[in-house]
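Asks: need coordinates for the following:
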Amino acid sequence: MTPYQEAVATNAVILAIAVIGLYITVASGQFSVMHGALMGVGAYAGGFAATVLGSSYLPSIMAGAAVAGLIGMAVAALGLNLRGLLLGIATLAIGQAIRVAFVNASYFGGSLGFGGVPIRTTFVFASSVLALLLLAIIFLKQTRAGLAVLAVGEDETAAASLGIPTRLVKVLAFGCGAALAGLAGGMRVHFIGLAVFSELGFQAEIQLLTFLVIGGMASPLGAALAAIGIKVIPEFLRVVTLDRFWILGLLLTAAIIIRPEGLMARRPLRWVSGEKTVSRWTRMKNKGPMDSLKERTECEDEKAAIQRHNNEGG
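Replies: Coordinates of the predicted model:
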């Protein structure tokens, strides 16, 4: 790859990491419109750690993840009684308040941003982090903790009836998603050498939501691929004489019409119909997280009963 192509690809992978953080938050049933601002928090915190505190690369980006994660947990704890659009509006307002605070803080460079950050993020490192995150999510979705997050997102009342601490799960899920957004911000500031909110405000919020919707709100891999594709495709369209962003807009519109649940959703195409197709897809439909948790709970109860019986017999 040329240096320019590598820069485009690295930026796309960093955004894919941030959208995975948004996926974790949405999977727990919480609608967030502040992950772009949390990327900015991670960028400023990572840049501050590197330039002022003299931290090396990994501690710097982890500092950005930690600060963003703590803010995310605080917001989630304060908004536990909010749902849907109300939570979305609240997170949007908090995100904009964070942006205004940093832009007007002269210590962080004001509207010009916080510069002088050493360039350390590489395409190989960013891609490795993305791959590890995807593998970790695939593994966690098979564990009790991952199923608990999905169950809370599917039906909070039913999840609570199974003994899941729904409020704690939501706070931790929001915090983990925020931490990944902060991690992406820390990596980005070490990629461009400048922390500035001009590209990490409301524009970034819309971008992340677009990636998640196009890729599939139930598929972290789909969201990551959508982020990479939407950022990379315009570069391949430069050879076209027409405005490439018009073409990209048409492609996104077509994707939403054909795959309203996301490109990676396990559903038939919108125009596919007929009894054979419908019945086949109905049979292939996977069990939900609530069913899996119930089965695991019943299995654990049976094992405990057998153990008690063996102990009494012995």
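Asks: just confirm residue 226 contacts residue 256, I think it does.
Replies: No: between residue 226 and residue 256 there is no contact under CB atoms under 8 Å: 11.3 Å. No exception for glycine: its C-beta is placed from N, CA and C like everyone else's.
Asks: anything in contact with each of the two?
Replies: Counting by CB atoms under 8 Å, 6 or more residues apart in numbering, the common neighbours of residue 226 and residue 256 are residue 214.
Asks: who has more neighbours, these two?
Replies: Comparing residue 226 with residue 256 by other CB atoms under 10 Å, the one with more neighbours is residue 226, at 26 against 16.
Asks: now the helix or strand hosting that one: mean pLDDT?
Replies: If you go by DSSP states H and E, residue 226 is part of helix 220-236. Averaging pLDDT along helix 220-236 yields 84.
Asks: what's it packed up against?
Replies: If contacts are counted by 3 or more CB pairs under 8 Å, 6 or more residues apart in numbering; DSSP states H and E, helix 220-236 sits against helix 3-27, helix 123-140, helix 202-215, helix 244-258.
Asks: if we go to 6 Å?
Replies: In terms of contacts (3 or more CB pairs under 6 Å, 6 or more residues apart in numbering; DSSP states H and E), helix 220-236 is packed against helix 3-27, helix 202-215.
Asks: do you know which of those lies nearest residue 34?
Replies: Of all the helices and strands packed on helix 220-236, the one in closest proximity to residue 34, counting by CB to CB, is helix 202-215 (7.1 Å).
Asks: in the stretch 51-200 of the chain, which ranges drop under the pLDDT threshold?
Replies: 198-200 (pLDDT under 70).
Asks: need the strands for it, in chain order.
Replies: 114-115, 194-195 (DSSP state E, counting those that start in this stretch).
Asks: what about residue 45, distance to residue 171?
Replies: Remark: distance between residue 45 and residue 171 (CB to CB, to the nearest Å) = 20 Å.
Asks: what's the nearest residue to residue 176 if we skip its chain neighbours?
Replies: Excluding its sequence neighbours, the residue lying closest to residue 176 (CB to CB, 6 or more residues apart in numbering) is residue 24, at 5.4 Å.
Asks: contact partners for that neighbour?
Replies: With contact taken as CB atoms under 6 Å, 6 or more residues apart in numbering, residue 24 is in contact with 173, 176, 177.
Asks: save the residues you listed as JSON lines, and put in neighbour count and distance to residue 112 too.
Replies: JSON lines is the format used below for those (neighbours: other CB atoms under 10 Å; distance: CB to CB, whole Å):
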{"residue": "173", "neighbour count": "26", "distance to residue 112": "35"}
{"residue": "176", "neighbour count": "21", "distance to residue 112": "32"}
{"residue": "177", "neighbour count": "29", "distance to residue 112": "29"}
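Asks: out of those, the closest to residue 88 would be?
Replies: The closest of the contacts of residue 24, once distances to residue 88 are taken by CB to CB, is residue 177, at 14.0 Å.
Asks: so for that closest one, what's the nearest residue that isn't a sequence neighbour?
Replies: Closest to residue 177 by CB to CB, 6+ apart is residue 25, at 3.6 Å.
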